[in-house]
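**Student:** Here you go, sequence then predicted model.
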Amino acid sequence: MLAVLIDPDKYNPLVVQLANQAKVACFLVGGSKIETGDIAKTVRAIKKISKIPVILFPGDETQLTKDADGLLLLSLLSGRNPDYLIEKHIKAAPIIKRMKLNYLSTAYLLIDGGKQSTTQKVSKTKPLDPSNKSYIINTAIAAEQLGFQAVYLEAGSGAKTKIAGTLIRDIKKQINLPIIVGGGIDSAKKTREVILAGANMVVIGNALEKNVYLLTKISSAF
C-alpha cells in the first residue's frame with residue numbers, strides 16, 4: 001500500500017487532490033514537532049476533499065483528534081528515551097480511550113538515513129546504525145514478541161539514503177508483522193525496490209513537499 005504523510009505545518013490541498021487520482025491507501029497526518037499547523041483542522045480539511053482514510057501519525061499526545069479514522073500508536077523502540085517508549089503513551093491513553101480511536105500498536109525503528117532527522121532532535125535519541133543489521137533485526141523480533149502489531153522502519157524525513165532492500169528482506173524473513181517503510185523514498189525506482197523487498201506499506205512525505213507531482217510517478221510503482 002501507498003501512504004502519503006502530511007505535516008500540518010506544510011499542508012497542501014493539491015497533494016490530496018492528486019492522491020484522489022493515485023493509488024493512495026491512506027493519509028498519515030502528524031509529525032515529530034508541529035509549530036503552526038493544527039491536527040484537527042488538517043484532518044477535517046482533507047476529509048472535505050477526499051474519501052481516503054486519514055490515520056494519525058502523532059509525535060505526542062497533543063496530536064490527537066476524534067475526526068481521524070485511526071491512529072498509528074508509535075513506540076520509539078530504537079531509542080532509550082522513556083518519554084517516547086512509554087511516558088507519552090500514558091498521557092495519550094485516556095485521550096485515545098475517550099475519543100474511541102481505532103489504533104495499531106506500532107514499533108517505530110529510526111534507522112540512520114545519513115541526515116539528522118527531526119525525530120532524532122525531538123526525541124533526543126540516536127538512530128540505529130544500518131550496518132548493524134543483526135541488532136535491527138533483533139529489535140524487530142523483540143517488537144513482535146512484545147505484542148506490537150506492525151513495525152515501522154524510518155530513515156527520517158528528507159533522508160539521504162532510504163532503508164536498504166536487503167535489510168527489509170531480512171527482517172521480513174524473521175517476523176510475521178506488517179512492515180511500514182518511510183524516509184528517503186523520492187522516486188518510482190526506489191519505491192519499487194522497497195516493495196520488492198517486502199514492505200507492506202510505503203510512506204511518502206518530504207519528497208512531495210518539494211514536488212507534489214512526484215506522487216503520480218511513485219503511484220505507478222503499485
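**Tutor:** Happy to help now that I have it. Residues are numbered from 1 along each chain as shown.
**Student:** what's the pLDDT at the residue nearest to A22 when sequence neighbours are not counted?
**Tutor:** Excluding the flanking residues, the one nearest A22 by Cβ to Cβ, 6 or more residues apart in numbering is S219, at 3.7 Å. For the C-beta atoms, the positions are set from N, CA and C on the backbone; glycine is no exception. Turning to S219, the model gives it a pLDDT of 94.
**Student:** Pretty sure S219 sits against V4.
**Tutor:** No. Applying Cβ atoms under 8 Å as the test, S219 and V4 come out as separate, 9.8 Å apart.
**Student:** Show me which of these two is the more surrounded one.
**Tutor:** V4 (24 against 19; other Cβ atoms under 10 Å).
**Student:** mind checking pLDDT for the more buried one?
**Tutor:** 98.
**Student:** Does it touch L215 like I think?
**Tutor:** Yes. With contact defined as Cβ under 8 Å, V4 reaches L215; the gap is 7.0 Å.
**Student:** Can you check which residues contact both of S219 and V4?
**Tutor:** V24 (Cβ atoms under 8 Å, 6 or more residues apart in numbering).
**Student:** The worst-scoring helix or strand of the chain on mean pLDDT packs against which elements?
**Tutor:** Here the helix or strand of the chain ranked lowest by mean pLDDT, DSSP states H and E is helix 206-210, holding a mean of 91. In this structure, helix 206-210 packs against helix 214-219, with contacts taken as 3 or more Cβ pairs under 8 Å, 6 or more residues apart in numbering; DSSP states H and E.
**Student:** Contacts for stretch 97-107, please.
**Tutor:** Residues contacting stretch 97-107 (Cβ under 8 Å, 6+ apart): 56, 64-66, 68-75, 77, 96, 139-140, 143, 146-152, 180.
**Student:** helix/strand/coil for R169?
**Tutor:** With DSSP: H, G, I helix; E, B strand; the rest coil as the basis, R169 sits in helix.
**Student:** Could you check how many residues crowd around it?
**Tutor:** 13.
**Student:** Filter the contacts of stretch 97-107 down to the buried ones and express that as a ChimeraX selection.
**Tutor:** To isolate the buried members of these in ChimeraX, using 16 or more other Cβ atoms under 10 Å:
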select :56,64,65,68,71,72,73,74,75,77,96,139,140,143,148,150,151,152,180
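**Student:** Looking at the contacts of stretch 97-107, which are in helices?
**Tutor:** Mapping these onto helices (DSSP state H) picks out I96, T139, A140, A143.
**Student:** Can you tell me which of the residues you listed is nearest K23?
**Tutor:** A140 (26.7 Å; Cβ to Cβ).
**Student:** Distance check, the residue in the chain sticking out farthest from the centre against G183.
**Tutor:** Relative to the mean C-alpha coordinate of the chain, counting by Cα atoms, centre = their mean, the farthest residue is R98 (23.9 Å). Note on R98: its distance to G183, by Cβ to Cβ, to the nearest Å, is 32 Å.
**Student:** Then I168?
**Tutor:** For I168, the distance to G183 (Cβ to Cβ) stands at 12 Å.
**Student:** Check G30 too.
**Tutor:** Distance from G30 to G183, by Cβ to Cβ: 15 Å.
**Student:** Which one of these two is surrounded by more residues?
**Tutor:** G183 (30 against 25).
**Student:** OK, contacts around that one?
**Tutor:** Neighbouring residues of G183 by Cβ under 8 Å, 6+ apart: I111, G113, S117, E154, A155, G156, S157, A159, K162, I163, V203.
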